[in-house]
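Chemist: Here is a sequence together with a model predicted from it:
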Amino acid sequence: MDPPLSLHSGHLPILQLPNGVLQHGVTRWLSLSDCATLAIASKELKLVVEVALKARKRWHSSDRHEVSHMKASRLFKFLARHSPNLTHITCCFAADRLYGGSLLESSLSSLAASTANLTHLTLLNVDVTDVVLQALAKHCLGLQHVAIGRTENNAFGNFVSDEGLAALAVACRGLRSLYLFRCYSCSDAGLRELVAQGRQLTRLVLHSCPQVTTSGLVSFLEASTSLQELDILLPESGSGGTAVNFETCFALAANCSDLRVLRLSEELVAGSVLDDSCLTLVARGCNKLQELELVQIEVSDAFLTTLASHCTSLTSLRLEQTYVGDEGVHRVLAACPHLQNLRVAGCSPHTWMLPAEFMFPGLSISGFSRMSQLAISNPAFGARLTDLDLSCLALEPLEATEAAAAASVGSSGLLPAIGSSVALATHAAAAIASAAAANATISSVAQATQQSAFDIQSAAAAAAAPQLILPIAWCNRLTSLSLDWLKVDGQPLQIPLENTLSHCNNLSRLSLVGYQGNVDRLLASVAAAGGSKQASGLRQLNLQHSQITDQGLAAVVKAFPQLSALYLGYCRNVGDQGLMQLLGMKGLVRLDLFNTPCVSAGAVADLAR
């Protein structure tokens, strides 16, 4: 009887490849489980796999499923035995499990002893202990990056303390980045030891480390003149909840002028400590900032004005639940020509039902629409935006939009937003009347008349052009667009939004969570006008909490055949008939149907087949 095909080397065309090519493919593309499967196929492949594993430099695993302690320990022992030349190890297990114990500690110590060339280590949701860090400090002297801890807030475990950090600080002279996620036993002493040993970190991440206080942070910042990235999530309890304050910001501004990335979050803290005065110091002292993210921090347009004046190299600005408004965002867009990523989110989902006085201001509808005209008058205004997220626009009657736009003309001389043709004509007539009433000279009246003619022509052109909610130049460039929780009746936005999406030819991600307009009509319009450009590019569509029906799903299939992720959570009008239409989407790998009562279990089972 012939052996099985998988064990018959003559039936394996892969063996006809040159050894160098085969080893390169195994090294670069195959996971450890694939390598194990390949190794039992034949002796020749086993040798190839062994050579490839020995030559491998990087290993990455992001297993979100439950992994037993025994399996995790065997995994690290396998790497220690077969891949001694690893330089990069990245491992992230499921956050809801406790991976620890002496068995895992022993296998990680063996891995450290076997991989002397290791430079980058990331172990998340793996309970690294001081014993493991001491083994790394003893054997992996070239370590440059260490990331350890827990990714979930209420996860238990993680036994790293200042003793382990001190061992790294003493032995690893090339250490440049340290990421600590919910390391509850690490305190100021660990940071001071890094300073005492002269370690010039370029990146520091502290997520919910309650034992790190203002004193320790200030001491670290005063000695870290090479710091380029700082990411701090303040803990919900302990003295670390107020670790970042005016004193910390002063030390950061005074000593870290090369800072490029700053992320600060007070989402876990009961009361805010940071405000405009704190962040203004940072903007003035760290004028090389390129990425800034602030979450639930009480900054306003006053801070954004300072930011726009000093940090003109910004490429990413993400503001969530702050007190910024139209004017500050407009100033940043006008002053930062390299800005590519902009996120301004007001209240979190569902809080849009609260009274307006209890909500974060955010962008208003009128300020949102005014962006189009500002982009026309200033070509550098948002000239490089590719990722735009303007979620939770502030409550404001749409009837007040044109009045606000007309008022802005009188106060600043700027033209109102696209579509305000009546305001343009009114502005032109007012200019003539103003010149005549002031007994102006003939030349001034003639100049006003000429300007009014131009304004009337502009009004006619604006009336003839399709109304858009975004500048046309932005539409052609955007790859990601989020307009979640608009908190207004969708009818006034329906046609402008349809026109806008029809011009967004390069989108790969679109999110309209909580849109209150006619989603079916919106999708049908995009399907009818889009052709193949935007349809071929869109990969992710989020319509949670919307009024989409089965008819809308038919439009989704037609407009976006290459879709890989579709989110329909809380869409109560979606039923089995619409779900079955998704069978034609061969590339769909992720589908969210949470809380969709009209979808039956049988329809989901049929779709899964």
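Modeler: That came through, no problem. Residues are numbered from 1 along each chain as shown.
Chemist: H60 falls within a helix, correct?
Modeler: No. Secondary structure of H60 (DSSP: H, G, I helix; E, B strand; the rest coil): strand, not part of a helix.
Chemist: so who does it touch?
Modeler: Residues near H60 by CB atoms under 8 Å, 6 or more residues apart in numbering: 88, 90-91. Where C-beta positions appear, they are placed from N, C-alpha and C, glycine not excepted.
Chemist: before we move on, what about T500?
Modeler: T500 makes contacts with 468-470, 475, as judged by CB under 8 Å, 6+ apart.
Chemist: after the helix or strand containing it, next one along is what?
Modeler: Assessed by DSSP states H and E, T500 sits inside helix 491-503. Counting by DSSP H and E, the next helix or strand C-terminal to helix 491-503 is strand 509-511.
Chemist: Most neighbours among the contacts of H60, which one?
Modeler: For those, the largest neighbour count, defined by other CB atoms under 10 Å, is 22 neighbours, found at C91.
Chemist: Next, the residues that contact the one helix or strand that one maps to from outside, please.
Modeler: Using DSSP H and E, C91 sits within strand 88-92. The contact list for strand 88-92 (CB under 8 Å, 6+ apart) reads 57-63, 79, 111, 115, 118-126, 151.
Chemist: again, only using 10 Å
Modeler: The list of residues contacting strand 88-92 from outside it, by CB atoms under 10 Å, 6 or more residues apart in numbering, reads 56-64, 67, 72, 75-76, 79, 83, 99, 108, 111-112, 115, 117-126, 145, 147, 151.
Chemist: Any quick ChimeraX command for the buried ones out of those residues?
Modeler: The following ChimeraX line selects those of the contacts of strand 88-92 that are buried, judged by 16 or more other CB atoms under 10 Å:
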select :56,59,67,72,75,76,79,83,99,108,111,112,115,118,119,120,121,122,123,124,125,126,145,147
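Chemist: Can you flag which of the contacts of strand 88-92 belong to helices?
Modeler: Among the contacts of strand 88-92, DSSP state H puts 72, 75-76, 79, 108, 111-112 in helices.
Chemist: would TSV of these with pLDDT be doable?
Modeler: Conversion of these to TSV gives the following (pLDDT from 0 to 100):
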residue	pLDDT
A72	83
L75	85
F76	91
L79	89
L108	94
L111	95
A112	96
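Chemist: where does the stretch 351-500 of the chain have low pLDDT?
Modeler: Low-confidence segments of the stretch 351-500 of the chain, defined by pLDDT under 70: 351-362, 393-466, 487-492.
Chemist: Am I right that S161 is in contact with S187?
Modeler: Yes. Using CB atoms under 10 Å, S161 makes contact with S187 at a distance of 8.2 Å.
Chemist: Give me the common contacts of these two.
Modeler: Common contacts of S161 and S187 (CB under 10 Å, 6+ apart): Q211.
Chemist: I'd like the average pLDDT over stretch 510-528.
Modeler: Stretch 510-528 carries an average pLDDT of 88.
Chemist: for E267, helix, strand, or coil?
Modeler: At E267, secondary structure determined by three-state DSSP is coil.
Chemist: where does it fall, phi/psi-wise?
Modeler: Here is the backbone geometry of E267 (degrees, to the nearest 10): phi -70, psi -20.
Chemist: for the one 3 residues further on, same thing?
Modeler: Backbone dihedrals for A270, given as degrees, to the nearest 10, come out at phi -70, psi -40.
Chemist: tally of neighbours for it?
Modeler: Per other CB under 10 Å, the neighbour tally for A270 reads 8.
Chemist: Give me the local confidence score for it.
Modeler: Looking at A270, its pLDDT is 80.
Chemist: E236 is in contact with that one, correct?
Modeler: Yes. Taking contacts as CB under 10 Å, A270 lies within contact range of E236: 7.5 Å.
Chemist: What segments of the stretch 51-200 of the chain are strands?
Modeler: Per DSSP state E, counting those that start in this stretch, the stretch 51-200 of the chain carries strands over the ranges 58-62, 88-92, 120-124, 145-149, 177-181.
Chemist: Relative to the second one, what are the paired strands and their orientations?
Modeler: Translated: strand 88-92. Note on strand 88-92: by DSSP bridges, its sheet partners are strand 58-62 (parallel), strand 120-124 (parallel).
Chemist: before we move on, what about the last one?
Modeler: According to DSSP bridges, strand 177-181 forms sheet pairs with strand 145-149 (parallel), strand 203-207 (parallel).
Chemist: Using JSON lines, please lay out the ones you listed together with distance to L582 and mean pLDDT.
Modeler: Converted to JSON lines, the strands paired with strand 177-181 look like this (distance: least, CB to CB, whole Å; pLDDT from 0 to 100):
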{"stretch": "strand 145-149", "distance to L582": "38", "mean pLDDT": "95"}
{"stretch": "strand 203-207", "distance to L582": "37", "mean pLDDT": "96"}
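Chemist: right, so those: which one is the most enclosed?
Modeler: strand 145-149 (a mean of 23; mean count of other CB atoms under 10 Å).
Chemist: Reformat the strands of the stretch 51-200 of the chain as JSON lines; add distance to I365.
Modeler: Formatted as JSON lines, these follow (distance: least, CB to CB, whole Å):
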{"stretch": "strand 58-62", "distance to I365": "40"}
{"stretch": "strand 88-92", "distance to I365": "41"}
{"stretch": "strand 120-124", "distance to I365": "41"}
{"stretch": "strand 145-149", "distance to I365": "42"}
{"stretch": "strand 177-181", "distance to I365": "39"}
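Chemist: and S265, which of those strands is closest to it?
Modeler: Relative to S265, the nearest member of these by CB to CB is strand 177-181, separated by 13.0 Å.
Chemist: which residues are contacting that closest one?
Modeler: Residues outside strand 177-181 that contact it (CB under 10 Å, 6+ apart) are 120, 122, 124-125, 143-152, 155, 158, 160, 165, 168-169, 186, 190-191, 194, 199, 201-209, 212, 228-229, 231, 233.
Chemist: Sketch out the low-pLDDT regions of the stretch 101-250 of the chain for me.
Modeler: Applying pLDDT under 70 to the stretch 101-250 of the chain flags the ranges 153-158, 238-241.
Chemist: Give me the mean pLDDT for stretch 283-300.
Modeler: 95.
Chemist: which parts of that stretch are buried?
Modeler: For stretch 283-300, a neighbour-count test (16+ other CB under 10 Å) marks 283, 285-287, 289-300 as buried.
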